[in-house]
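In: Attaching a predicted model along with its sequence, questions to come.
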Amino acid sequence: MLIGEYAHNIDAKGRLIIPAKFRDELGFKMIVTRGLDGCLCVYTLEQWKLLYEQLMKLPTTKKEARMYVRMVTSKAAECELDAQGRISLPQTLIQLADLKKECVISGTGNRVEIWAKDRWNAVNEDNAESFEDMAESLTEFFL
């Protein structure tokens, strides 16, 4: 289970520590790609395969589907853990998520998200007041 929130710094070479609690589940190799809301998403190879299969089912006749698939798959990168438990992020992904130094690595159940700390704080601040409303609007998906 990928849960929890951790703060780590990205270094000048684009290396970021993956928290020890996430490493066992993510495995040695993982896929990092563009996420929603300005973050990066990290998937196990198994989760990526499931997502990829779903993406390939989207109708290529629809412009939005083509663009979404293109934006997710073209930015995807296979990353490997080094001996210190870090991954090296491609510069394109670092720029896409506006990662500077301080990062937040957050578990969201079946994936990990990597955020610039200031963006993470802003998104959480914006959504804190509407947490109950979100829960209520999603009740149709629970049981």
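Out: Alright, I've got the coordinates.

In: From residue 90, how far off is the residue nearest the centre of the chain?
Out: Closest to where the C-alpha atoms of the chain average out (Cα atoms, centre = their mean) is residue 41, at 1.5 Å. The gap separating residue 41 from residue 90 is 14 Å, by Cβ to Cβ, to the nearest Å. C-beta coordinates here come from the backbone N, C-alpha and C atoms, glycine included.

In: that older thread, residue contacts, the residue nearest to the centre of the chain?
Out: Contacts were defined as Cβ atoms under 8 Å, 6 or more residues apart in numbering; by that measure residue 41 touches 32-35, 111-114.

In: which ones among those are found in helices?
Out: Among the contacts of residue 41, no member is found in helices (DSSP state H).

In: ranking these by neighbours, who comes first?
Out: Neighbour tally across the contacts of residue 41 (other Cβ atoms under 10 Å): the maximum, 27 neighbours, falls on residue 112.

In: For it, list the residues it contacts.
Out: 2, 18, 22, 26, 41-42, 105-106.

In: Who does it form a beta bridge with?
Out: Under DSSP bridges, the beta-bridge partners of residue 112 are residue 42, residue 107.

In: where's it relative to residue 2, distance?
Out: Distance from residue 112 to residue 2, by Cβ to Cβ: 6 Å.

In: what do those two both touch?
Out: Joint contacts of residue 112 and residue 2 (Cβ under 8 Å, 6+ apart) are 22, 26.

In: Which strand or helix spans the closest residue to residue 19 other than its chain neighbours?
Out: Spatial nearest neighbour of residue 19, excluding adjacent residues (Cβ to Cβ, 6 or more residues apart in numbering): residue 6 at 4.3 Å. Using DSSP states H and E, residue 6 maps to strand 2-9.
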